[in-house]
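Chemist: requesting a structural model of the entry that follows:
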Amino acid sequence: MGLKGIRSSGWRRRWVGPLAALALVAVSAGTFLVQAKSPLETQTLPVVAFTGLPVQGQKVMDLIRQGGPFRYEKDGTVFGNRERLLPAQKRGYYREYTVPTPGLRHRGARRIVCGGQKPVAPDNCYYTEDHYASFRLIVQ
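Modeler: As a prediction, this is how the structure comes out:
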């Protein structure tokens, strides 16, 4: 059966409708996937107990509650959450603080990021030891 046989067999009439419907379903599914909730909305971050933080992290948490003084100029500045690993909030909600690493002359990779309207009484704080690649919620 050549091309002429396919044209005259009604193939087009039988398959165009179902193929169009399938394409519509695929496009709708793609739209659904784009609008799906972020992983943070459907799962929780790992936790670390305050006592599980490095000693330097515990000291930084105490300084946060006291309002300082902080060792590094960047401490207490706005954290933009560009990685989108923390729950979405308006800009200015999160602030970052350096957790010193013994033996390093620079800030290192360890940080505490706290969120809330009152820096000395944060709603929640998160610890990262890999410069924002992952976070753990700090719990008392």
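
Chemist: so where's this protein uncertain?
Modeler: 1-43 (pLDDT under 70).

Chemist: wait, doesn't Tyr97 sit right on Ile64?
Modeler: Yes - using C-beta atoms under 8 Å, Tyr97 makes contact with Ile64 at a distance of 6.1 Å. Bear in mind the C-beta positions are built from the backbone N, C-alpha and C, glycine included.

Chemist: who touches both of those two?
Modeler: Listed as contacting both Tyr97 and Ile64 by C-beta atoms under 8 Å, 6 or more residues apart in numbering are 112, 114.

Chemist: these two: which is more packed in?
Modeler: Neighbour comparison, Tyr97 and Ile64: the larger count goes to Tyr97, with 25 against 21 (by other C-beta atoms under 10 Å).

Chemist: you'd agree the more buried one is in a strand?
Modeler: Yes - Tyr97 forms part of a strand when assessed by DSSP: H, G, I helix; E, B strand; the rest coil.

Chemist: just give me the neighbour total for Gly76.
Modeler: Neighbour number of Gly76 under other C-beta under 10 Å is 18.

Chemist: right, I mislabeled it, should have said Thr101
Modeler: By the criterion of other C-beta under 10 Å, Thr101 has 15 neighbours.

Chemist: got it, and Glu96?
Modeler: 20.
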